[in-house]
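Engineer: what's the 3D shape of this:
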Amino acid sequence: MTHKREFSCQIVREVPIGFDRTKEGTIVVLASEPVEDRYGDIVVPPWRLDSYRQNPVVLVSHDYYELPIARAVQISVLGDRLLAEIEVDTADPRGAEVARKVADGFLSAVSVGFRCHRETPRSRLPEDDVYAGKGGFLLADNELLEISFCSVPALPSAGVQRSAPDLMRDLENLLRAHPEHRGRVEGILLSLPTPPEGRPAPEDDLDAFFSTHGA
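Structural biologist: As a prediction, the model looks like this:
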């Protein structure tokens, strides 16, 4: 079955350790991570990327009938997060428009189109499984088909780095909804290049942050 899932686009100023930018002027995005989406599904590694690397297309809104407006010059799984480095074709008017909207903050979401090879109802998972739930599916062993820029994201944007208040609000919402993801939120906080307003800069202050936000 082919799936399309929208995730917040992470415009990275500081490329994550282990994921080195290969070109100037590219956009590094968080394409997917295992957090419940609006459908109640959770997409988890492993990812099948070999076919996508042969045809690393980046589209607009999953429109398979239009030519790609960009390509992924690098894609890999870092931890449990799918990261991509995207080079936009600015000689293409549609590509130039997308690049401008991303740069100016008018466009801030990406979506992955993929074929899932293993679906498990979350209601059938053991109760102590971190991915267990009353509805939705756990989607694993996924084959990536394409990445698209899109207008409406499906997840609270734990990865958005446009402004510190937005980031902190999204992390707060994520923690309240999913306290079991404390470790992931902690990793996001510690990976930020500069302490935004409201974020405890020293590592020792994270406990105060989490206790304030109910984790």
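Engineer: would you list every one of the helices in the protein?
Structural biologist: Applying DSSP state H to the chain gives helices spanning 50-54, 93-104, 164-177, 182-191, 206-212.
Engineer: ok, of these, where does mean pLDDT dip lowest?
Structural biologist: Of all these, mean pLDDT reaches its minimum on helix 206-212 (a mean of 55).
Engineer: got any ranges where the chain has weak pLDDT?
Structural biologist: 1-22, 152-175, 181, 183-215 (pLDDT under 70).
Engineer: where along it do the strands fall?
Structural biologist: Applying DSSP state E to the chain gives strands spanning 2-8, 27-32, 42-43, 47-48, 57-60, 70-78, 81-88, 109-121, 137-150.
Engineer: And the ones you listed: which comes nearest K101?
Structural biologist: Closest approach to K101 among these (C-beta to C-beta): strand 137-150, 8.4 Å. C-beta here means a position set from N, CA and C on the backbone, and glycine is covered the same way.
Engineer: hey, C-alpha coordinates of that closest one in CSV?
Structural biologist: What follows is strand 137-150, C-alpha atoms only, in CSV (Å, rounded to 0.1, in the frame of the first residue of the first chain):
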residue,chain,number,x,y,z
PHE,A,137,-1.1,1.4,12.4
LEU,A,138,2.6,0.9,13.1
LEU,A,139,4.2,1.2,9.6
ALA,A,140,7.6,-0.4,9.3
ASP,A,141,9.9,-1.6,6.6
ASN,A,142,9.0,1.3,4.4
GLU,A,143,10.2,1.9,0.8
LEU,A,144,10.6,5.6,0.1
LEU,A,145,9.1,6.7,-3.3
GLU,A,146,9.4,10.4,-3.2
ILE,A,147,9.5,13.5,-1.0
SER,A,148,7.2,16.5,-1.6
PHE,A,149,7.0,20.0,-0.4
CYS,A,150,3.4,20.6,0.8
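Engineer: Direction-wise, compare it with strand 70-78 and give the angle.
Structural biologist: Per axes from the mean of the first three to the mean of the last three C-alpha atoms, to 10 degrees, the angle that strand 137-150 makes with strand 70-78 is 150 degrees.
Engineer: Give me the buried stretch members for strand 137-150, please.
Structural biologist: Neighbour-count burial for strand 137-150, with 16 or more other C-beta atoms under 10 Å as criterion, is recorded at 137-140, 142, 144-150.
Engineer: Apart from its neighbours in sequence, what residue is nearest E85?
Structural biologist: Leaving out its chain neighbours, the residue that sits closest to E85 by C-beta to C-beta, 6 or more residues apart in numbering is Q74, at 4.0 Å.
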